[in-house]
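[1] this one's sequence-less:
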């Protein structure tokens with residue numbers, strides 16, 4: 001589990017641990033990890049290699065990987081630095097590829113194979129103004145998963161969970177105060193933003209035997225998406 005010390009990642013960690021899995025997570029800096037923690041920058045292939053090797057040495061196998069590490073600060077595409085764009089793509093697209101590649105090498109040697117879950121975003125399925133590089137990377141991540149699923153079947157399954165707005169401890173940084181969070185939730189058909197637990201349950205399903213025939217698929221967890229803006233602008237009765 002990458003990026004599992006807070007927010008959505010921590011919710012996934014808790015759900016897998018509650019289901020009885022032996023869970024480990026990683027990150028560049030430790031922050032109240034509730035499960036065994038390895039320090040690693042997943043953008044660096046050599047650190048990823050050390051990470052996976054350490055996990056296998058410690059636990060003897062690797063059955064499930066959830067590629068959750070990611071994110072991006074808001075930055076206008078016209079003025080953001082090339083270095084920022086590079087870092088965003090490295091974290092949100094190349095890092096999951098590095099982790100998945102190394103995990104696959106382990107999983108395909110196991111009788112039961114393994115499962116890889118990519119954490120995507122609705123930013124990769126619609127325009128993403130203010131986070132253009134992030135949206136592009138997440139779009140690439142979903143496509144990457146379909147390619148890996150074909151290459152690595154039947155031993156290793158690869159799927160994507162596309163996530164909409166999630167209410168976490170960092171929500172106010174993105175949506176403003178509580179009124180802003182509530183206003184965003186009101187635009188979603190389900191009437192609220194997702195919780196980390198909502199995302200975690202989708203990951204549990206895709207990692208479980210219940211999804212044994214599911215690979216190369218995208219499971220969208222966005223509460224029904226967004227009401228089209230033209231409907232609000234129209235004066236026709238709907």
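    Nice, I can see it. Computed from a prediction, not measured in an experiment: that's the story for all the values here. Numbering: from 1, shown residues only.

[2] which other helices and strands contact the longest helix along the chain?
    When the chain is parsed with DSSP state H, its longest helix is helix 132-152. On a contact count with 3 or more Cβ pairs under 8 Å, 6 or more residues apart in numbering; DSSP states H and E, helix 132-152 meets helix 82-89, helix 95-107, strand 114-121, strand 156-163. Glycine gets a C-beta too; all of them are placed from N, C-alpha and C.

[3] want to throw those into TSV with mean pLDDT?
    Compiled in TSV, those are given as follows (pLDDT from 0 to 100):
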stretch	mean pLDDT
helix 82-89	98
helix 95-107	98
strand 114-121	98
strand 156-163	98
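
[4] Out of those, which gets nearest to residue 24?
    helix 95-107 (12.3 Å; Cβ to Cβ).

[5] for the closest one, packing partners?
    helix 45-59, strand 64-67, strand 114-121, helix 132-152, strand 156-163.

[6] Quick one: the ones you listed as TSV, columns for mean neighbour count too.
    Output for those, formatted as TSV (neighbours: other Cβ atoms under 10 Å):
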stretch	mean neighbour count
helix 45-59	16
strand 64-67	26
strand 114-121	26
helix 132-152	20
strand 156-163	25
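
[7] lowest-pLDDT helix or strand in this protein?
    Least confident helix or strand of the chain, by mean pLDDT, DSSP states H and E, is helix 171-175 with a mean of 68.

[8] so after that helix, what's the next helix or strand?
    For helix 171-175, the following helix or strand on the C-terminal side (DSSP states H and E) is helix 178-186.

[9] in the protein, which residue is closest to the centre?
    Nearest to the mean C-alpha position of the chain, counting by Cα atoms, centre = their mean, stands residue 119 at 1.9 Å.

[10] Tell me which residues touch the residue nearest to that residue when sequence neighbours are not counted, please.
    Of all residues not flanking residue 119 in the chain, residue 68 sits nearest, at 4.5 Å (Cβ to Cβ, 6 or more residues apart in numbering). Going by Cβ atoms under 8 Å, 6 or more residues apart in numbering, residue 68 touches 1-4, 8-9, 12, 119.

[11] Specify which member of those residues is nearest to residue 183.
    So of the contacts of residue 68, ranked by how close each gets to residue 183 (Cβ to Cβ), first place is residue 8, at 20.8 Å.

[12] Can you name the helix or strand that the closest one falls in?
    Residue 8 belongs to helix 7-18, assigned by DSSP H and E.

[13] Show me what the helix or strand just after that helix is packed against.
    For helix 7-18, the following helix or strand on the C-terminal side (DSSP H and E) is strand 25-27. Packing partners of strand 25-27 (3+ Cβ pairs under 8 Å, 6+ apart): strand 37-39.

[14] Give me the buried positions along the strand it packs on.
    37-38 (16 or more other Cβ atoms under 10 Å).

[15] Pairing partners for it, with directions?
    When pairing is defined by DSSP bridges, strand 37-39 lines up against strand 25-27 (parallel).

[16] model confidence over the partner strand, on average?
    What strand 25-27 shows for mean pLDDT is 91.
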